[in-house]
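1. Task: produce atomic coordinates for the following.
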Amino acid sequence: MALWRAYQRALTAHPWKVQVLTAGSLMGLGDVISQQLVERRGLQEHQTSRTLTMVSVGCGFVGPVVGGWYKVLDQLIPGTTKVDALKKMLLDQGGFAPCFLGCFLPLVGTLNGLSAQDNWAKLQRDYPDALITNYYLWPAVQLANFYLVPLHYREGLSTTPVSIPPEL
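-> The predicted structure follows:
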């Protein structure tokens, strides 16, 4: 509980910084989980540079973009009723998520050293499956997020999978 209270105090004092760092931390944690539990790399084969790339993407792109989007979304659809949450989820998943994913995937490709041509080919190949996979999980998560989580906590959360391995 003390850690949670410290987080709340930091969030109140420095909301933007804390939200950006939260997004980066979640992205890094997601990559560690992906490498260790999904890919079963083990500590010797863990790609630290990949984890640091995901932390950087979280702090430099996901946190600021998603945090800003949630503020805009709450201005477009004010309120916290179930109907408001449903409207927010529909706009988020129907409008924002496809655009966000279309920016996120090439950014990660670029940071992983792909050429512009390879990155474009990868985006064309992977985007449809990534978007469909997004729709298996995130509409339900976002519905709960928009209904249950206050905006000041929500801004650091992501609308896309926490970590996307380079091979996706």
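
2. Contacts made by the helix or strand bottoming out on mean pLDDT in the chain with the rest, please.
-> None of the helices or strands of the chain scores lower by mean pLDDT, DSSP states H and E than helix 151-154, at a mean of 76. Applying C-beta atoms under 8 Å, 6 or more residues apart in numbering, the external contacts of helix 151-154 come out as 11, 12, 15, 70, 71, 74, 145, 146. From N, CA and C alone the C-beta is placed, and that goes for glycine too.

3. now stretch 88-106
-> 57, 61-62, 65-66, 69, 73-74, 76-77, 119-120, 122-123, 126-127, 130-131, 134-135, 138-139, 142-143, 146, 159-160, 164, 168.

4. Buried members of the contacts of helix 151-154 into PyMOL, please.
-> Buried residues within the contacts of helix 151-154, by 16 or more other C-beta atoms under 10 Å, are selected in PyMOL with:
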select buried, resi 11+70+74+145+146
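
5. quick one, what contacts the closest residue to residue 82 other than its chain neighbours?
-> Excluding the flanking residues, the one nearest residue 82 by C-beta to C-beta, 6 or more residues apart in numbering is residue 147, at 6.2 Å. By C-beta under 8 Å, 6+ apart, residue 147 lies in contact with 80, 82, 85.

6. following the helix or strand containing the last one, which helix or strand comes up?
-> Counting by DSSP states H and E, the element that carries residue 85 is helix 82-91. From helix 82-91 onward toward the C-terminus, using DSSP H and E, the following helix or strand is helix 97-111.

7. Which parts of this structure are helices?
-> For the chain, the helices defined by DSSP state H occupy 2-13, 15-33, 48-57, 63-76, 82-91, 97-111, 116-148, 151-154.

8. Give the burial count for the residue nearest to residue 65 when sequence neighbours are not counted, as a bare number.
-> Spatial nearest neighbour of residue 65, excluding adjacent residues (C-beta to C-beta, 6+ apart): residue 100 at 6.8 Å. Residue 100 has 20 neighbours, counted by other C-beta atoms under 10 Å.
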